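K.L.:
A predicted structure for the sequence below; I have some questions about it.
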Amino acid sequence: MRIFNALIILVLFLSNAIAQNSIDSVKHIEVSLDTVLENTNKEITDFMDTVIGINLEMVYVEGGTFLMGCTNEQVNDCGIDENPVFQVSLSDFYIGRYEITVAQFEKFIDDTQYKTDADLTDCSWLFIDGDWNLVEHVNWRCDVNGNEHRIEDYNYPVSYVSWNDAIAFCKWLSDKSGKIYRLPTEAEWEYSARGGSKDKSSIYAGSDSIDSVAWYRSNSHASKNPVGAKMPNELGIFDMSGNVSEWCCDYKNEYSSYSKINPKCVKTSYFRVIRGGSWLSKAEQCRVSYRDYSYPENRYSIRGFRVVHSDNIGLYDIDTAESQIYYDKTGTLIDTRDGKTYKTIVIGSQIWMAENLNYLIGKGGWCYNNDNSNCNKYGRLYNWETANKVCPSGWHLPSKSEFEKLINNYAALDQTVCFDLMEGGKSGFSALLGGRRGSSGNFVGFEKCGYWWSSSEFDDKTASLLFMDNDYGISTIENFDRIVGASVRCVKD
C-alpha cells in the first residue's frame, strides 16, 4: 500500500506540473522515484518520546491522497472558506495522539524559563457571561475560569498558548530530542482528523455522532476536559474534534482547485490557521473541514495545539525573520549619552524600547507641565523635528508602517487592561501615557492619552503619530502639527 501511495504522489506531481504548463518543473523535479520509495519496506509503528519525561505519544500516519475541504458529508454546514474541494497527497508523518497537556508544557517552561505571550502581557482571553474578556494574571497554568490548575488536572490540554508559544515549544522539543517536531500543516491536520488512509467520511474526527468523540458546547460543562476521555478516530487519535481548538503552522489562505503535494506553510497573510473546534464550539465548528483563524500572539481559554514529527522540514517554509524564536524576549538599552537605562522587548521581528525616551536636549523637548518628575516616569515630550534626531545611536524613530506593524504584531496593544500603564508594565511594554504639549504650549492628556511620533510626514506641516486613549481602549495612527510635543519610543536599526 505504501509503495502504491508513493507512486500516486509521483504521478500527481508530474501531472500537476504539466497541467500548469510548467515544463521546467518537470525537467527539474527534485523528487525521484527512489526518493519517494525510500524506506517503504521498513516497519513503521507508533512511538513514545520520553525526552526529559515528556512521554509524548506519536501516531504513525501513512501518507496518501485525499479530498480536502467541503466534501459531501460536510456540505450542509460548510463555510465559504472550505471551498473549493481539492486533492492533496501527503508523505508519511507522525502526529500526537493527544493534545499537548499542561504537564508536558510545564516541562518546556521549567527547562527554558520561556515567557509565553500571556506571561509577557499578563493577560489572556476568557469567555465570561457570553462574551470574550481580557483578564489579567491568566496564563497557561490556568483553567477556563482563570484559576490555577490543580496538579491532578495537569492531564488537561494546555490552553492560553499562542501560535508563537507553540512554535517555541516545537523548537525546544526538536532541540532536546534530536527529532524534527513542528506544528502540523493544515493538510496534515485534516488528513489525520479524517482518519488518514482509514477515512470513513465521518463528519467529525472518528464519527458522525459528535458526543462520542468530542467535548463541545452541549456536553463539556463549560470546560476543557482531560485528554483522551472520548473515543479516538480511526487512527487512534483523540480530541481532534472539540476540547481545545488547535494551531496549525499555516497562514490564512484561500483554497484553489489545483491538486497539491505536501503543501507548505507559506506566508500568505498575518492570521494563522486553527482547526478542530473546542469545548465552547457548536457542533458544526468541530467538523473535520471547519477552518478558523487568529493572530499568532492571541491566547484564549479554548486554544491549544498538538505536534507532528517528520523528516520533511521543508514543509515549514516560514520567513525566518517572522518566525524567529526568542527565549529571552526582554532586555535593556543603555543610552551612552547620559547613562540612562531603558527596558527593551522583542515584538514580532523587531526590538523596541519598552519605555519612553527621556534624553535632555537643548530645544524641542519638555517635561509634562514642566515638572521634571514627570520626565523621570513618563519620558520627555519632543516636537517632530527633534524627535527625528533624538534616538540613541543604532536606534531610530519608527515610521508609520513600523507602528502599524507593531499594532498588528501586538494585537492587544489597544487592550490597555493588559498593561500596568503607570508602573512600567509587566509585559515589558508599558504604554506610559505621558500626554502631549499642544501647539500653543498647553499640556493635555496626562495619564489618559499617549502620543508617539513616527518619522513619517503627512504634509508640509503635519506628521503621523501613534495615539492611544486609555478611557476608550483604542490605538490608531493620527496626524498632528509638527510643533506639538509627543513621546518618543525608539526601535532598533
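P.N.:
Good, I have the coordinates.
K.L.:
C-alpha only now, for contacts and for neighbours.
P.N.:
Will do.
K.L.:
ok, which stretches of the stretch 51-200 of the chain are strands?
P.N.:
According to DSSP state E, counting those that start in this stretch, the stretch 51-200 of the chain carries its strands in the segments 56-61, 64-68, 86-90, 93-96, 123-128, 131-136, 181-182.
K.L.:
These: which one's closest to residue 333?
P.N.:
Closest approach to residue 333 among those (CA to CA): strand 123-128, 25.6 Å.
K.L.:
Burial check on residue 281, number of neighbours?
P.N.:
A count of nearby residues for residue 281, using other CA atoms under 10 Å, gives 21.
K.L.:
Quick check: it vs residue 222, distance?
P.N.:
Going from residue 281 to residue 222 by CA to CA, to the nearest Å gives 10 Å.
K.L.:
Equivalent analysis for residue 468, please.
P.N.:
Counting by CA to CA, the gap from residue 468 to residue 222 is 35 Å.
K.L.:
Of these two, give the one with the bigger neighbour count.
P.N.:
residue 468 (24 against 15).
K.L.:
Which neighbouring elements make contact with whichever strand or helix holds the more buried one?
P.N.:
Using DSSP states H and E, residue 468 falls within strand 462-469. Counting contacts by 3 or more CA pairs under 8 Å, 6 or more residues apart in numbering; DSSP states H and E, strand 462-469 packs against helix 400-409, strand 449-457, strand 474-481.
K.L.:
lowest average confidence, helix or strand, in this structure?
P.N.:
helix 320-323 (a mean of 33; mean pLDDT, DSSP states H and E).
K.L.:
Give me the next element, helix or strand, following that one.
P.N.:
strand 330-334.
K.L.:
show me the contacts for the closest residue to residue 148 other than its chain neighbours.
P.N.:
Spatial nearest neighbour of residue 148, excluding adjacent residues (CA to CA, 6 or more residues apart in numbering): residue 142 at 4.1 Å. Residue 142 is in contact with 148-149, 159-160, counting by CA atoms under 8 Å, 6 or more residues apart in numbering.
K.L.:
pretty sure residue 187 is touching residue 88, no?
P.N.:
Yes. Applying CA atoms under 8 Å, one finds residue 187 in contact with residue 88, separated by 7.4 Å.
K.L.:
and these two? which has more neighbours close in?
P.N.:
residue 187 (25 against 21).
K.L.:
Hmm, residue 452 is touching residue 489, no?
P.N.:
Yes. Between residue 452 and residue 489 there is a contact under CA under 8 Å: 6.7 Å.
K.L.:
neighbour count winner among the two?
P.N.:
Per other CA under 10 Å, whichever of residue 452 and residue 489 has more neighbours is residue 452, with 29 against 22.
K.L.:
Check the gap between the residue lying closest to the more buried one once chain neighbours are set aside and residue 67 for me.
P.N.:
Leaving aside its chain neighbours, residue 452 sits nearest to residue 487 (4.6 Å; criterion: CA to CA, 6+ apart). From residue 487 across to residue 67, the span is 54 Å (CA to CA).
K.L.:
Settle it for me: which of those two has more neighbours?
P.N.:
Counted by other CA under 10 Å, residue 487 and residue 67 do not tie: residue 487 has more neighbours, with 32 against 15.
K.L.:
The more buried one contacts residue 451, doesn't it?
P.N.:
Yes. In this structure residue 487 lies within contact range of residue 451 using CA under 8 Å: 5.8 Å.
K.L.:
okay, and the common contacts of these two?
P.N.:
By CA under 8 Å, 6+ apart, the residues touching both residue 487 and residue 451 are 434, 436.
K.L.:
Model confidence for the residue of the chain most remote from its centre, exactly?
P.N.:
Outermost residue of the chain with respect to the C-alpha centroid, by CA atoms, centre = their mean, is residue 440; its distance is 44.2 Å. Note on residue 440: pLDDT of 91.
K.L.:
residues in contact with it?
P.N.:
Taking CA under 8 Å, 6+ apart as the definition, residue 440 has no contacts.
K.L.:
helix/strand/coil for it?
P.N.:
With DSSP: H, G, I helix; E, B strand; the rest coil as the basis, residue 440 sits in coil.
K.L.:
measure it to residue 483 for me?
P.N.:
Counting by CA to CA, the gap from residue 440 to residue 483 is 9 Å.
K.L.:
surely residue 450 meets residue 444?
P.N.:
No. Residue 450 is beyond contact range of residue 444, at 10.1 Å (criterion: CA under 8 Å).
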